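A.B. asks: Below are the sequence and a predicted model for it; my questions follow.
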Amino acid sequence: MKIRVQKQIIESILINLQPFLEKKDASQITSHILFTSENGKCIIKATDSEIGLKIITDHITVENEGSCTAHGKKLLDIIRILKEDEIILELLDNVLIIKQKHSKFKLPTFDPTAYPSFPSIENKPQISLDSLSLIQNLKKISPAIDTNNPKFELNGALINIKNNATDLVGTDTRRLAIATIPSSNTQELSLIVPKKAILEIQKLFLDQIDIFFDETNLIITNENYFFFTRLINGKFPDYQRIIPSSIKHSIYLPKKEMTDAIKMITTISQEIKMTLLSDVIIFNSLSADNVEAKTEIEIQTGLSEKFEISFNSKYILDFISQIDKNEFLMELNEPNLPFVVKNDHFITIIMPIVA
């Protein structure tokens, strides 16, 4: 195998592939990237067996066809220190040679035929969702997805496809985020996609995509990328039961003023007590020492009695950062019960801090 490529192109490809590599054990073939050049195109793969990405490009000149592996991080480190010019990658005697003018590096390789295979889309059912809506709404719920929960199913997002809508759901047990995509679906289906995969999907795909699935994998493809992730095998909590069935108080709140007030308090404490009166909302820091922060905004709440609720400011700021409108709805019951913030088809249910 021998290929020629501009530094900027190969560097960009290698950066995109880094999250898909085995990081802990450099002796594993999954710490390597696989290059395959055929029919004038170059196909470059990376996978840790749980998640994988294949990039197909014709921006690399193929001089000799063939296959080769190379340690993904070491290759990127070498490419980064080279100049903005053409780079040659050539396989000689099972060693990858990286050359640029007077500079030369060698990297050991694995047998490319031993590289893990990728799942195929052949005979797999396809999800008929608007892919742009899917990606935009996955972004909304991402902050709420847990990362190291012993219940593995909580470390991913639920994609719950129903007859008349698709719900995307994430929770870290202190909050629950639900983004709903109105859609007419011919089949009902529930998949749990790992958080790592959700984050990579958002980075890679900005346009229309094709989505396939089976019992173990979710596959996303477009003209240049083939992405797959193992699905989480488990039963996601019944999130519908957590949504309050009745509401005592509903208040429309201004996005900018709420954001400014909350951020002011977070200079002292992430935990905030919010006191709602008929014509003002007061924000106080909940800090253990004698340091204190306080601010307020004037707003007609419609409340006839004082209402106090305490919460982690991060949860509301995460919600606000994902909405476009200038105001959102807050729904309250009792100070010790979960409350809801919502905007159009996106809601977050938040557990309050109870003293």
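C.D. replies: Yep, it's here.
A.B. asks: show me where the protein has helices.
C.D. replies: In the chain, the helices defined using DSSP state H lie at 7-17, 72-81, 131-141, 195-204, 255-266, 313-320.
A.B. asks: Least confident secondary structure element in the chain?
C.D. replies: For the chain, the helix or strand with the lowest mean confidence is strand 126-127, at a mean of 86 (criterion: mean pLDDT, DSSP states H and E).
A.B. asks: what does it rub up against?
C.D. replies: For strand 126-127, contacts defined as Cβ atoms under 8 Å, 6 or more residues apart in numbering pick out 161, 189, 210-213. Where C-beta positions appear, they are placed from N, C-alpha and C, glycine not excepted.
A.B. asks: hmm, try it at 10 Å
C.D. replies: Contacting residues not belonging to strand 126-127 are listed as 134, 159, 161, 166, 185, 187, 189, 191, 209-213, 218-220 [Cβ atoms under 10 Å, 6 or more residues apart in numbering].
A.B. asks: pLDDT-wise, what's the bottom of the residues you listed?
C.D. replies: Lowest pLDDT of the contacts of strand 126-127: N185, 76.
A.B. asks: Who are the contact partners of that one?
C.D. replies: 127-129, 161-166.
A.B. asks: hmm, try it at 6 Å
C.D. replies: Listed by Cβ atoms under 6 Å, 6 or more residues apart in numbering, the contact partners of N185 are 161, 163.
A.B. asks: distance of N155 from N233?
C.D. replies: Going from N155 to N233 by Cβ to Cβ, to the nearest Å gives 12 Å.
A.B. asks: more crowded one of those two?
C.D. replies: N155 (20 against 10; other Cβ atoms under 10 Å).
A.B. asks: That one touches D146, doesn't it?
C.D. replies: Yes - with contacts counted by Cβ atoms under 6 Å, N155 reaches D146, the gap being 5.4 Å.
A.B. asks: contacting residues for L277?
C.D. replies: Counting by Cβ under 6 Å, 6+ apart, L277 makes contact with K306.
A.B. asks: Tell me how far it lies from I251.
C.D. replies: As judged by Cβ to Cβ, L277 and I251 stand 12 Å apart.
A.B. asks: Of all the helices of the chain, which one comes closest to T171?
C.D. replies: Among these, helix 131-141 comes nearest to T171, with 8.9 Å by Cβ to Cβ.
A.B. asks: Parallel or antiparallel, list what pairs with the least confident helix or strand of the chain.
C.D. replies: Partners of strand 126-127 in the sheet, by DSSP bridges, are strand 210-213 (antiparallel).
A.B. asks: What are the buried residues along stretch 307-318?
C.D. replies: Buried residues in stretch 307-318, counted by 16 or more other Cβ atoms under 10 Å: 307, 309-313, 315-318.
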